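Peer 1: Predicted structure and sequence below. I'll ask about it afterward.
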Amino acid sequence: MSKINAPRHDWTLAEVEALFDLPFMDLVHQAANVHRAWFDPSEIQLSQLLSVKTGGCAENCGYCSQSAHFKTGLKAEKLMEADDVVAKARAARDGGAQRFCMGAAWRELKDRDLPKLATMIAEVKALGMETCATLGMLTADQAKALKAAGLDYYNHNLDTGPDYYKDVVTTRTYQERLDTLAHVRDAGMSTCCGGIVGMGETRRDRAGLLHQLATLPAHPDSLPINGLVPVSGTPLGDKILADGSRQIDAIEFVRTIAVARLVCPKSMVRLSAGREGMSRELQALCFMAGANSIFVGGKLLTTPLPDMDEDSRLFQDLDLKPMGSVRAEFVAAAE
């Protein structure tokens, strides 16, 4: 691997900002070349996310419909039974998903819930899928227990750059997020960590987020870039709905994808929330700029995604295929 494409952990914020300032065509070209140095550009990883415990979260993340602090009309639910989760995972696998992610709206994982979660994880793993979970903050011992149950990936997003963080959430510190990521790495699990754009942040804030990710002791194995889906009743959602100009420009979104690819060259860069509102052309640009992972299944926790037939048609038109091996069911959906 050439030195120019090798992962670095010594990026400065000024260097990341300079990447954002590159001429658009040059930036995308560089990102595409780095992508091809590490991945097959015709392959996209397919993941599916299930909310195994919805609503009632004690955090006050200003974008989230599941926060108990806001009135969004979402009803809080209990943790799902393991058999129901495994049935959803089996359907996801049969529909083409390669990784199954389980999300719970908690501030932190409670030890009392570990046995049920361990059963879910072990049984999903037995289906032949990669397993991922996002359950809030973890202790070191909890991370070890999840690893022992067979969890491959743990998601814990930084959300935004450190300077804008106080405008997004105040019930959890930036350092607490970094601490949980350290526990995950120390337990031997892969990290899934990214953020959300289009929350009213500046380009410098987006550079700050990617700078934080690029200077972690290990780059995230998966790096989700979410476009804010504004939800009425949430502080950030209401601001965006009242002033649509605050949402991120499509070209700026592609720039963010490209810079993520350049600073974290080996990461799976995922188009996550907000994809349902993206044009086919915008998604194609994102794939060209280095995105190589998507969520499928029509729903991402509480926000919409394109349905599987729509994704299959897009893959067919762009000559893309699911990473690893082509799933017969996925291909059939496009025919």
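Peer 2: Here it is on my side, so go on.
Peer 1: Below-threshold pLDDT in the stretch 151-300 of the chain: ranges please.
Peer 2: Within the stretch 151-300 of the chain, the ranges that satisfy pLDDT under 70 run 244-246, 297-300.
Peer 1: Please enumerate the strands of it.
Peer 2: In the stretch 151-300 of the chain, the strands defined using DSSP state E, counting those that start in this stretch lie at 153-155, 190-192, 195-197, 222-227, 268-271, 293-295, 299-300.
Peer 1: now these in CSV, with distance to Thr54 and mean neighbour count?
Peer 2: For glycine as for every other residue, the C-beta is placed from the backbone atoms N, C-alpha and C. Below are these laid out as CSV (distance: least, CB to CB, whole Å; neighbours: other CB atoms under 10 Å):
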stretch, distance to Thr54, mean neighbour count
strand 153-155, 16, 23
strand 190-192, 20, 23
strand 195-197, 19, 25
strand 222-227, 18, 25
strand 268-271, 21, 25
strand 293-295, 17, 25
strand 299-300, 11, 20
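Peer 1: right, so of the ones you listed, which gets closest to His183?
Peer 2: strand 153-155 (8.7 Å; CB to CB).
Peer 1: any idea which element Ala37 lies in?
Peer 2: helix 24-38 (DSSP states H and E).
Peer 1: what's the following helix or strand after that helix?
Peer 2: The helix or strand immediately downstream of helix 24-38 is strand 43-53, counting by DSSP H and E.
Peer 1: avg pLDDT for the next helix or strand after that next one?
Peer 2: The first helix or strand that comes after strand 43-53 along the chain, using DSSP H and E, is helix 82-94. Computed over helix 82-94, the mean pLDDT rounds to 91.
Peer 1: So what touches helix 82-94?
Peer 2: Helix 82-94 has contacts (CB atoms under 8 Å, 6 or more residues apart in numbering) with 48, 50, 52, 100, 102, 116, 119-120, 123-124, 127-129, 297, 329.
Peer 1: Quick one: residues contacting Ala133.
Peer 2: Ala133 touches 101-104, 117, 121, 146, 151, 153-155, counting by CB under 8 Å, 6+ apart.
Peer 1: Output the below-cut-off pLDDT ranges for the stretch 1-150 of the chain.
Peer 2: In the predicted model, the stretch 1-150 of the chain carries pLDDT under 70 at residues 1-4.
Peer 1: Counting neighbours, which of the contacts of Ala133 comes out on top?
Peer 2: In terms of neighbours by other CB atoms under 10 Å, the contacts of Ala133 top out with Cys101 at 29 neighbours.
Peer 1: Which elements pack onto the one helix or strand that one maps to?
Peer 2: In the assignment (DSSP H and E), Cys101 maps to strand 99-104. Judged by 3 or more CB pairs under 8 Å, 6 or more residues apart in numbering; DSSP states H and E, strand 99-104 is in contact with strand 43-53, helix 82-94, helix 114-126, strand 130-134, strand 153-155.
Peer 1: Just send those back as TSV, with distance to Gly194 too.
Peer 2: Converted to TSV, those look like this (distance: least, CB to CB, whole Å):
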stretch	distance to Gly194
strand 43-53	13
helix 82-94	21
helix 114-126	22
strand 130-134	11
strand 153-155	9
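Peer 1: Relative to Ile240, which of these is closest?
Peer 2: Distance to Ile240, taken as CB to CB, is lowest for strand 43-53 among the helices and strands packed on strand 99-104, at 22.2 Å.
Peer 1: Dump the closest one to CSV, keeping only the CA atoms.
Peer 2: What follows is strand 43-53, C-alpha atoms only, in CSV (Å, rounded to 0.1, in the frame of the first residue of the first chain):
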residue,chain,number,x,y,z
GLU,A,43,-19.3,-3.6,-3.7
ILE,A,44,-21.6,-2.1,-1.0
GLN,A,45,-22.1,-3.5,2.4
LEU,A,46,-25.7,-4.0,3.4
SER,A,47,-26.8,-3.6,7.1
GLN,A,48,-30.1,-3.6,8.7
LEU,A,49,-31.0,-1.9,12.0
LEU,A,50,-33.8,-2.8,14.4
SER,A,51,-34.9,-0.8,17.4
VAL,A,52,-35.1,-3.4,20.1
LYS,A,53,-36.1,-0.9,22.7
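Peer 1: List the contacts of the residue nearest the centre of the chain.
Peer 2: The residue lying closest to the centre of the chain (CA atoms, centre = their mean) is Pro224, at 2.9 Å. With contacts defined as CB under 8 Å, 6+ apart, Pro224 is in contact with 155, 157, 192-195, 270, 272, 293.
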